[in-house]
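Asks: fold the following for me, if possible:
(chains A and B)
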Amino acid sequence: MTRAHRLLLCACLPLVLMLTAAGAQAAASDVSFDAGVDFRAIRTFAIAAGHVASAKPEIDNRLFRQRMEGSIRAALLKKGLAEVADHPHVSVTYYFQDKDVSGVARLEPIRVPPSTVAPGFVIAGSGPRPVLYTEGTLVIDLADASNALLWRGTWRDSEDSGPKLSRSLSENAGRLLAKFPPKGRK
Amino acid sequence: MRFAFLVALVLALASPATASDHIIDFDHQVDFSAVRTFAMRGMAIRIDRPEVNSPLVQDRINASVRTALVARGLREVSGDADVIVDWTVSGQRFAINEWGHAIPLDDVPGERRAPPGNPWRDLPESFVDGVLVVDLTAQASGLLVWRGVLRNRERGSARLAHSLPDHARRLLAGYPKGRK
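Replies: As a prediction, the model looks like this:
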């Protein structure tokens, strides 16, 4: 690798990182549960109607709900639970809401190499430019027959497009339920 | 030369990009190989710009939808059809203010919009976010059985208008012909 190549690489990496950060799609998940529950005794489930608070056509429709239920069903069946119509050990409900967010991204000038004394060059910054994205929150609850909450999984994500958010919702419903039952309580 | 290319690439990436993304959902319980006929029903363009909200654009989208469905083996009928086709185009135009914020220029219910009295409402349009939704509803059950949603960011309403027929075609390329 020549010196020119190294300089180009030095210039590219921070720019790529900054551009990626500008359209950041940060996701975070969390699971909480009732420590007094014997999760080994949970063998059956039923899926209750989901609650979707979104105006997006790719999310607020029956086909999306069908996809979500399919993802939840597949995840729980994989865990060895059986779906039943009557008297399930747990009832599964999901909630989703989203919010559109508007921000600004800016690229600062970059000196390559960063040293102020070594010979090099400066890549001009750019922006500010608008960044629009949607924040989504998905909650999956498992409750017993008395409607007491036994397990809750929460997932938050920011995506720059509605279709991307819609796709990731059903995928992440499955990922959340992969954390059921809590470790050491199977 | 390579450096110039890199700078050009970076500037292109840093400017407000045009982008599109789509998703298709369909009812997995429906045997789409049994769907033989379709009828066009509702079509609506909810962007108040003459470049987009025009009978010519509407006709071009209709033609795209028809061509795509016929290519999938469906036949258009005027009366009892297996599926009813509806489509809508909605969207939001944005300006960019001196601090780089995207300022919504339209009052669209449920979408981002500038608050009343916002001094930036008179800024020129910088880009437009368009949404094309194509729905297929089973006439017998009245249930939505297929939906395609395409979101597209363009540098202006005219560009959006020109891209819509192609977007309708792209969406219907995902029609699950022969899948049960």
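Asks: contacts only, for the closest residue to chain B within chain A.
Replies: Nearest residue of chain A to chain B, counting by CB to the nearest CB: A:Pro128, 2.6 Å away. No exception for glycine: its C-beta is placed from N, CA and C like everyone else's. Neighbour list for A:Pro128: A:Val104, A:Ala105, A:Arg106, B:Trp99, B:Gly100, B:His101 [criterion: CB atoms under 8 Å, 6 or more residues apart in numbering or on different chains].
Asks: A:Thr44 now?
Replies: A:Leu81, A:Ala82, A:Glu83, A:Val84, A:His87, A:Pro88, A:His89, A:Val90.
Asks: is the residue of chain A closest to chain B in a helix, a strand, or coil?
Replies: strand (DSSP: H, G, I helix; E, B strand; the rest coil).
Asks: that older thread, looking at the contacts of A:Pro128, which are in strands?
Replies: The members of the contacts of A:Pro128 that map onto strands under DSSP state E are A:Val104, A:Ala105, A:Arg106.
Asks: residue numbers of chain A in contact with chain B?
Replies: Contacts of chain A with chain B, taken as CB under 8 Å from any CB of the partner chain, map to A:8, A:11-12, A:15, A:19, A:55-58, A:61-64, A:66-67, A:70, A:100, A:102, A:104-107, A:123-124, A:126-130, A:132, A:160-164, A:166-167.
Asks: now do 6 Å
Replies: Within chain A, the residues that sit near chain B (CB under 6 Å from any CB of the partner chain) are A:15, A:19, A:55, A:57-58, A:61-64, A:100, A:102, A:104, A:107, A:126-130, A:132, A:161-164, A:166.
Asks: that older thread, what is the nearest of the ones in strands among the contacts of A:Pro128 to A:Leu77?
Replies: A:Ala105 (42.4 Å; CB to CB).
Asks: for chain B, give me the ranges with low pLDDT.
Replies: Within chain B, the ranges that satisfy pLDDT under 70 run B:1-17, B:108-116, B:121, B:177-180.
Asks: please enumerate the strands of it.
Replies: Using DSSP E, strands in chain B cover B:19-26, B:37-46, B:75-76, B:83-96, B:102-104, B:127-138, B:144-154.
Asks: what are the buried residues along the first one?
Replies: The one in question is strand B:19-26. B:Ser20, B:Asp21, B:His22, B:Ile23, B:Ile24, B:Asp25, B:Phe26 (16 or more other CB atoms under 10 Å in any protein chain shown).
Asks: follow-up on the earlier one: disregarding flanking residues, what is the spatial nearest neighbour of the residue of chain A closest to chain B?
Replies: B:Gly100 (2.6 Å; CB to CB, 6 or more residues apart in numbering or on different chains).
Asks: surely the one you found touches A:Arg129?
Replies: Yes: assessed by CB atoms under 6 Å, B:Gly100 is found in contact with A:Arg129 at 5.3 Å.
Asks: out of those two, which sits in the more crowded spot?
Replies: A:Arg129 (20 against 16; other CB atoms under 10 Å in any protein chain shown).
Asks: my guess is the more buried one contacts B:Ala102, does it?
Replies: No: using CB under 6 Å, A:Arg129 is not in contact with B:Ala102; the gap is 9.0 Å.
Asks: what about B:Ala173, distance to chain A?
Replies: To chain A, B:Ala173 is 15 Å away according to CB to the nearest CB, to the nearest Å.
Asks: for chain A, where's the lowest mean pLDDT among helices and strands?
Replies: Ranking every helix and strand in chain A by mean pLDDT, DSSP states H and E puts helix A:3-22 at the bottom, with a mean of 50.
Asks: and the helix or strand following that one, what does it pack against?
Replies: Once the chain leaves helix A:3-22, the next helix or strand it forms, by DSSP states H and E, is strand A:27-33. For strand A:27-33, the packing partners by 3 or more CB pairs under 6 Å, 6 or more residues apart in numbering or on different chains; DSSP states H and E come out as strand A:149-159.
Asks: residue 86: neighbour count?
Replies: No chain in the question, so chain A it is. Burial of A:Asp86, expressed as a neighbour count using other CB under 10 Å, amounts to 6.
Asks: if you could check chain B rather than the one you did, that'd help
Replies: For B:Asp86, using other CB under 10 Å, the count is 17.
Asks: so who does B:Thr88 touch?
Replies: Contacts for B:Thr88 (CB atoms under 6 Å, 6 or more residues apart in numbering or on different chains) come out as B:Ala44, B:Val133.
Asks: having no further points to raise, I will conclude here.
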